[in-house]
Structure formats: structure tokens, C-alpha cells
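K.L.:
The following block contains a protein sequence and its predicted model.
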Amino acid sequence: MTPDVALILGIDGLANGAVYLLAGLGLVLIFSVTRVVFVPFGDVAAFAALTLAAFETGRVPPTIGMVLVLTALALATEVGSLLRRGETGRIPKALLGWGVLPLVPCLLAWLASRPGVPAPVHIACAVLLVVPIAPLLARVVFQPIADASVLVLLIVSLALHFLLSGLGLLFFGPEGSRTQPLASGSLPLGDGFTVSGQVILMVASAVVLSGLFFLVFERTIAGKALRATAVNRVGARLVGIRPARTALLAYGCASLLAGLIGVLIAPVTTMYYDSGFIIGLKAFVAAIIGGLVSYPMTAIGALAVGVVESFASFWSGALKDVIVFSLLIPVLMLRSFLSVHEEEEEEVDQ
């Protein structure tokens with residue numbers, strides 16, 4: 001280990017940490033609003049990367065078929081729920097929200113798959129195409145069991161990941177894909193050491209998106225509604241905020257973050273239909289460091305995970321994931337030591 005090698009590993013870890021930062025923010029956002037540990041977050045990112053790869057090879061993205069299937073399921077679920085409650089007057093609105101709006105990105109992606117479309121349009125369509133995935137999944141899977149315990153929601157989320165992996169294999173196939181770099185060139189840092197433009201883009205994107213994330217929560221009505229629901233769901237309902245709508249908004253924002261992550265990592269990592277699982281797990285480690293509630297601590301945890309992963313790959317490539325996941329042990333022990341434990345008192349009938 002020399003200073004030059006340490007610098008290279010540090011910059012690589014910073015780039016990885018930038019990705020985990022965005023993923024961790026998405027996980028914390030969903031959990032704080034809905035109490036769901038959204039395990040399929042990484043799958044959505046992988047689908048975005050594979051969508052961009054399909055555009056570059058001149059194919060119609062298979063993601064369109066996946067979104068169409070999820071749209072049909074969500075629409076059937078919503079219409080069936082309205083019919084059971086006797087609210088037939090709301091069916092036209094449901095048809096628009098769950099049947100028409102998700103098809104708009106599909107139409108744009110289909111048009112963008114034609115020859116001669118510039119690369120920036122492909123990137124935008126790849127991100128937009130995966131945005132409806134998380135809200136559609138939430139309507140079909142999580143909204144009917146919104147009041148279940150956290151453990152039940154976690155089990156369902158894990159099962160949903162395996163279902164999406166199967167759908168990914170069905171629609172995308174087992175082949176891996178890697179896209180062209182989004183940024184060319186490099187930045188010299190002296191002594192012949194340079195940083196690639198792709199790494200700079202990843203770090204800059206994480207900084208900019210984190211800043212926008214903060215502004216949305218602090219300055220917009222939608223952001224304040226999300227914060228209110230995260231703090232107190234009952235209180236938010238009393239002041240006119242519908243938790244179901246804020247939950248869908250949280251899923252949509254997280255899906256957007258996942259899409260951006262997918263297009264950022266597609267040029268540096270060969271992505272497969274199931275590659276998102278490991279990304280989601282490492283982001284979950286960062287979120288656990290933040291207690292699944294603190295965005296600043298999640299950001300710090302994401303950078304720590306990225307740096308540890310980078311140096312661990314230098315010492316032992318086969319054990320790098322084990323080393324990263326072992327970070328959970330001291331973090332959980334420390335949180336258990338610092339948290340206040342209340343002894344349960346058993347009531348004795350006299």
C-alpha cells in the first residue's frame with residue numbers, strides 16, 4: 001500500500017460512496033414515510049442501466065413490456081378496490097392515473113428507440129421509463145397491507161425482489177450489458193495521476209441531487225407533506241395530508257433516484273438482471289448507519305461503505321462484500337448500547 005495506491009482507492013471509494021449515498025437516501029425516504037424497507041430499489045436501478053444499454057444497441061427496451069404488465073396489475077387492483085367500496089364515480093380518474101400516465105414514458109421510450117435519436121434523449125427516457133415501476137409495485141403489493149408490521153412488510157419486500165429478478169430474467173435475459181461513458185476526458189491531479197470524467201460526473205451528480213433533495217424537503221409543499229407523514233402519520237392525516245398519496249410520491253422520488261443511479265453506474269459496471277440486489281444491500285448498510293431516519297448520517301454511512309469497499313477489494317477481492325456487510329455488527333452494537341431500553345413489567349393479577 002503506497003500513497004498513490006491509497007489515493008486511487010480513495011477516489012474509487014468516493015465514487016462508489018456517491019452511488020450508495022443516492023440509494024441510501026431513497027431507502028430512507030421510503031422507510032420514513034411508509035415503514036417499508038424497499039429491497040427492490042437496486043432492481044429498479046439495474047433495469048434503468050439495462051434500458052440504456054438496449055437503447056445503445058438499437059433495440060426497443062424490454063422495460064416497456066415490464067411497465068405494461070405492472071400497469072395492468074395496478075389498474076386492475078385499483079378498479080377492483082373502487083368497485084368493492086362502491087365508489088364507481090372515481091373509476092375514470094383511476095383509469096387516467098393508473099392506466100394512462102404510466103404509458104406516457106413507454107410511448108416516449110418506444111419513439112426514442114428509433115435510429116438517429118441522440119444519446120441525451122436515450123438517457124432521459126431510460127430514467128423516465130423506470131419511474132413508474134416503484135409506484136406501480138406499491139399500489140399492487142404494499143398499499144393493501146400498509147398497516148401491517150414492519151417485519152411483514154420486510155418479508156413481502158424481499159419476496160418482491162425475487163419476483164422482480166424473475167421478471168428481469170424473462171424480459172432482459174441472462175446477458176450482461178455495459179454502456180458508453182457519459183463523460184469523457186479526465187482531470188489531472190499531479191504526478192501523472194488523473195481522475196476520469198465519469199467519476200467526476202458520479203460525485204457531482206450525488207452532490208447536486210443531494211442538494212436538490214434538501215431543497216425539496218425544505219422549500220416545497222410536497223416535501224413538507226413527506227416530512228409530516230414521516231414524523232407522524234396520524235397527525236398528517238388530521239391536517240389533510242393523505243398518507244397513501246405521500247407514499248406514492250415517496251416511491252416515485254425513490255424510483256427516480258434509482259433510475260439516475262442506473263445510468264450513472266452502467267458505464268463502469270457490467271449490469272445483469274439481478275445486479276441490483278447487491279447495490280441495494282450496500283445502500284441498506286449505509287441507511288442502517290443513519291438509523292433509517294437520518295439523511296446526513298446516511299450520507300456519511302454511504303461514503304464510509306464506499307471507501308471500505310474500495311480498500312477491502314485491494315486487500316481481498318473475494319471478501320470485500322463480507323467486510324462491507326460486517327460494518328453492520330459494530331453499528332448495531334453501538335446503537336443498542338446508546339439506545340434507551342425499557343424493561344417490560346409483567347402485570348400480576350391479584
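P.N.:
Okay, I see it. Numbers count the residues shown, from 1 in each chain.

K.L.:
For stretch 62-76, give me every contacting residue.
P.N.:
Outside stretch 62-76, the residues that touch it by C-beta atoms under 8 Å, 6 or more residues apart in numbering are 47, 50-51, 54, 94-95, 98-99, 102-103, 105-106, 109-110, 129-130, 132-133, 136-137, 139-140, 167, 171-172. (C-beta placed from N, C-alpha, C; glycine too.)

K.L.:
no wait, stretch 310-318
P.N.:
Applying C-beta under 8 Å, 6+ apart, the contact partners of stretch 310-318 are 1, 5, 9-10, 12-13, 16, 319-320, 323-324.

K.L.:
go again using 6 Å as the cut-off
P.N.:
For stretch 310-318, the surrounding residues in contact (C-beta atoms under 6 Å, 6 or more residues apart in numbering) are 9, 12-13, 320, 323.

K.L.:
Need the pLDDT of the residue nearest to Ala183 when sequence neighbours are not counted.
P.N.:
The shortest distance from Ala183 to any non-neighbouring residue, by C-beta to C-beta, 6 or more residues apart in numbering, is to Gly197 (3.5 Å). Predicted confidence (pLDDT) for Gly197: 82.

K.L.:
I figured Gly197 hits Gly185, correct?
P.N.:
Yes: with contact defined as C-beta atoms under 6 Å, Gly197 reaches Gly185; the gap is 4.5 Å.

K.L.:
neighbour count winner among these two?
P.N.:
Neighbours were counted for Gly197 and for Gly185 using other C-beta atoms under 10 Å; Gly197 has more, 15 against 11.

K.L.:
show me what contacts the more buried one?
P.N.:
Neighbour list for Gly197: 183-185 [criterion: C-beta under 6 Å, 6+ apart].

K.L.:
Next, format those as a markdown table and append pLDDT, secondary structure and distance to Arg85.
P.N.:
Converted to a markdown table, the contacts of Gly197 look like this (pLDDT from 0 to 100; DSSP: H, G, I helix; E, B strand; the rest coil; distance: C-beta to C-beta, whole Å):
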| residue | pLDDT | secondary structure | distance to Arg85 |
| --- | --- | --- | --- |
| Ala183 | 79 | coil | 51 |
| Ser184 | 77 | coil | 55 |
| Gly185 | 74 | coil | 58 |
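
K.L.:
filter the contacts of stretch 310-318 to the buried ones?
P.N.:
9, 12-13, 320 (16 or more other C-beta atoms under 10 Å).

K.L.:
Identify the residues contacting the lowest-mean-pLDDT helix or strand in the chain?
P.N.:
For the chain, the helix or strand with the lowest mean confidence is strand 186-190, at a mean of 72 (criterion: mean pLDDT, DSSP states H and E). Defining contact as C-beta under 6 Å, 6+ apart, one finds that strand 186-190 is touched by 194-196.

K.L.:
Quick check on those: which are buried?
P.N.:
By neighbour count, with 16+ other C-beta under 10 Å, those hold 195-196 as buried.

K.L.:
Reformat the contacts of strand 186-190 as a markdown table; add secondary structure.
P.N.:
A markdown table is the format used below for the contacts of strand 186-190 (DSSP: H, G, I helix; E, B strand; the rest coil):
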| residue | secondary structure |
| --- | --- |
| Thr194 | strand |
| Val195 | strand |
| Ser196 | strand |
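
K.L.:
Tabulate the contacts of strand 186-190 (TSV), appending distance to Ala230.
P.N.:
Conversion of these to TSV gives the following (distance: C-beta to C-beta, whole Å):
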residue	distance to Ala230
Thr194	42
Val195	36
Ser196	37
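
K.L.:
Which member of the contacts of strand 186-190 is positioned nearest Ala148?
P.N.:
Ser196 (45.3 Å; C-beta to C-beta).

K.L.:
Might you report the residue contacts of Gly185?
P.N.:
With contacts defined as C-beta under 6 Å, 6+ apart, Gly185 is in contact with Gly197.

K.L.:
all strands for the stretch 101-250 of the chain, in order.
P.N.:
186-190, 193-196 (DSSP state E, counting those that start in this stretch).

K.L.:
pLDDT check: weakest of the contacts of stretch 310-318?
P.N.:
For the contacts of stretch 310-318, the least confident position by pLDDT is Lys320, scoring 78.

K.L.:
and that one, what element?
P.N.:
With elements taken from DSSP states H and E, the one containing Lys320 is helix 320-325.

K.L.:
What's the first helix or strand after that helix?
P.N.:
Proceeding N to C from helix 320-325, the next assigned helix or strand is helix 328-338, under DSSP H and E.

K.L.:
What mean pLDDT does that next one get?
P.N.:
Mean pLDDT, computed over helix 328-338, is 78.

K.L.:
taking the buried ones among the contacts of stretch 310-318 one by one, which sit in helices?
P.N.:
Members of these lying in helices (criterion: DSSP state H): 9, 12-13, 320.

K.L.:
quick one: Met297 is in a helix?
P.N.:
Yes: the assignment for Met297 (three-state DSSP) places it in a helix.

K.L.:
Make sure it is actually in contact with Gly290.
P.N.:
Yes: the pair Met297 and Gly290 passes the contact test of C-beta under 6 Å, sitting 3.6 Å apart.

K.L.:
out of these two, which sits in the busier spot?
P.N.:
For Met297 versus Gly290, the count of surrounding residues by other C-beta under 10 Å is larger for Gly290: 21 against 18.

K.L.:
hmm, back to that, tell me the one of the contacts of stretch 310-318 nearest Val285?
P.N.:
Using C-beta to C-beta as the measure, the one of the contacts of stretch 310-318 that approaches Val285 most closely is Ile323, at 11.0 Å.
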